[in-house]
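J.: Structure, please.
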Amino acid sequence: MAGSWSKSWELIVHSLRVFQAYPSFLLPILTVWCLYAPSVLYLRYGYPWKLHGFPENLGVAFLFIFGLSFLILMSCAVVLELIKRIEIGEPSLGRAIAKAIDKDLLRVLPLAVVWAVIWFTLTVIEAVLRKKGDGDSDETLTAENAAMTLANFREFSFSTAFIDALKKGVRMVMFLIMPAIAWENLSFFEATKKGLAVLRAHLGDFARGYALTYAAAAIILIPPGIIFELGTGRHGNPPPIHFPDSVWMATLIYVGLAWSFCIYLEQMFMAQLYLWNMKWEQKVDEALDARRPLPAFKDVDRPELLAKTPGLFT
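T.: As a prediction, the model looks like this:
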């Protein structure tokens, strides 16, 4: 068991090394954040929800979630294409973006629809379970409220925590399906089938990746969490501290970078797990051809993303 956790931790560490060598890996999801943040703030503080009927508002919410789902998956496609280009010795972000748009976009669309439906359903359930008045105390757009909104800072409840956990799990499953589209050029249905098969085959590794990326996010978000607790004084002791707007703006920027980096870790963990499975499948095929005992997944060495070995994708 300890060895399994060690191997999963190695995937996290390797993701950090890849980021250190190629900071451009963060740019696709950071671009999504730059589109996501103003959209959320407009919908929260500027969009006239009360002037529209319930069906129209549900439609707006779904379209927003679908757009965000599609953008996140396309950012993942760019990351996967960039990984492939690095392995063949052509580390070009521009070419990775062009490849993702030209080759992957149409197959990503139906996956984004499926994810959006699940995400929207969970969001509606969360809204129903949310305490009355939670998050509606101040409708004014300020630097403080913007930071708290984008950080999704709210009163803790087990129901919303459970829904958030489900959302994260679904998101990581989507990231596990994406390599089948970007690397193996499978159709939407074939990629979904392959991604779910990898999930079933390595459920323990998936769960450990879920836990480790969750822990990493919790650590990364400690600084803004402290600022929010001190600034709101939710528990009455000590009284709230009135931070200047510059502090809240810095917190907002930090939250954006932290969110992007956490999504990057999830994308990279799932990409490495899928690539590891590809290497294991190759070893299994070789063993079958040579009529040797089939290797266990844990016995196959983890592929190194920075090794620039084209054989990983042949």
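J.: Which helix runs longest in the chain?
T.: helix 245-290 (DSSP state H).
J.: Tell me which other helices or strands that helix touches.
T.: When contacts are defined as 3 or more Cβ pairs under 8 Å, 6 or more residues apart in numbering; DSSP states H and E, helix 245-290 sits against helix 2-21, helix 27-45, helix 54-87, helix 143-150, helix 158-182, helix 188-201, helix 203-220, helix 222-232. No exception for glycine: its C-beta is placed from N, CA and C like everyone else's.
J.: Quick check: which of these has the most neighbours on average?
T.: Highest mean neighbour count among the helices and strands packed on helix 245-290 (mean count of other Cβ atoms under 10 Å): helix 143-150, with a mean of 21.
J.: So for the helix or strand where residue 123 lies, what gets flagged as buried?
T.: Element membership for residue 123 (DSSP states H and E) is helix 105-129. Neighbour counts over helix 105-129 (16 or more other Cβ atoms under 10 Å) mark 107-108, 111-112, 115-116, 118-120, 122-123, 126 as buried.
J.: low-confidence ranges in this structure?
T.: 1-3, 131-138, 155-156, 233-239, 306-314 (pLDDT under 70).
J.: Pick out the residue closest to the middle of it.
T.: Against the mean C-alpha coordinate of the chain, by Cα atoms, centre = their mean, the closest residue is residue 263 at 3.4 Å.
J.: ok, that one - contacts?
T.: Going by Cβ atoms under 8 Å, 6 or more residues apart in numbering, residue 263 touches 29, 72, 75.
J.: I'd like those laid out as CSV, including distance to residue 170.
T.: Listed next are the contacts of residue 263 as CSV, based on distance: Cβ to Cβ, whole Å:
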residue, distance to residue 170
29, 17
72, 12
75, 17
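J.: Can you report how many residues neighbour the closest residue to residue 82 other than its chain neighbours?
T.: The shortest distance from residue 82 to any non-neighbouring residue, by Cβ to Cβ, 6 or more residues apart in numbering, is to residue 96 (3.9 Å). Other residues near residue 96 number 25, with proximity taken as other Cβ atoms under 10 Å.
J.: from memory residue 96 sits against residue 87, does it?
T.: No. Contact criterion Cβ atoms under 8 Å: residue 96 and residue 87 do not qualify, at 11.8 Å.
J.: still on that earlier bit, name the residues that touch the helix holding residue 123?
T.: Against helix 105-129 from outside (Cβ under 8 Å, 6+ apart): 58, 61-62, 65-66, 69-70, 73-74, 77, 157, 159-160, 163, 166-167, 170-171, 174, 177-178, 181, 186-188, 191-192.
J.: any idea which element the residue nearest to residue 82 lies in?
T.: Per DSSP H and E, residue 96 falls inside helix 93-99.
J.: Any chance you could list what contacts that helix?
T.: Residues contacting helix 93-99 (Cβ under 8 Å, 6+ apart): 24, 27-28, 78-79, 81-82, 84-85.
J.: I'd like these as JSON lines, with distance to residue 242 appended.
T.: Formatted as JSON lines, the contacts of helix 93-99 follow (distance: Cβ to Cβ, whole Å):
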{"residue": "24", "distance to residue 242": "39"}
{"residue": "27", "distance to residue 242": "35"}
{"residue": "28", "distance to residue 242": "37"}
{"residue": "78", "distance to residue 242": "41"}
{"residue": "79", "distance to residue 242": "40"}
{"residue": "81", "distance to residue 242": "47"}
{"residue": "82", "distance to residue 242": "44"}
{"residue": "84", "distance to residue 242": "50"}
{"residue": "85", "distance to residue 242": "49"}
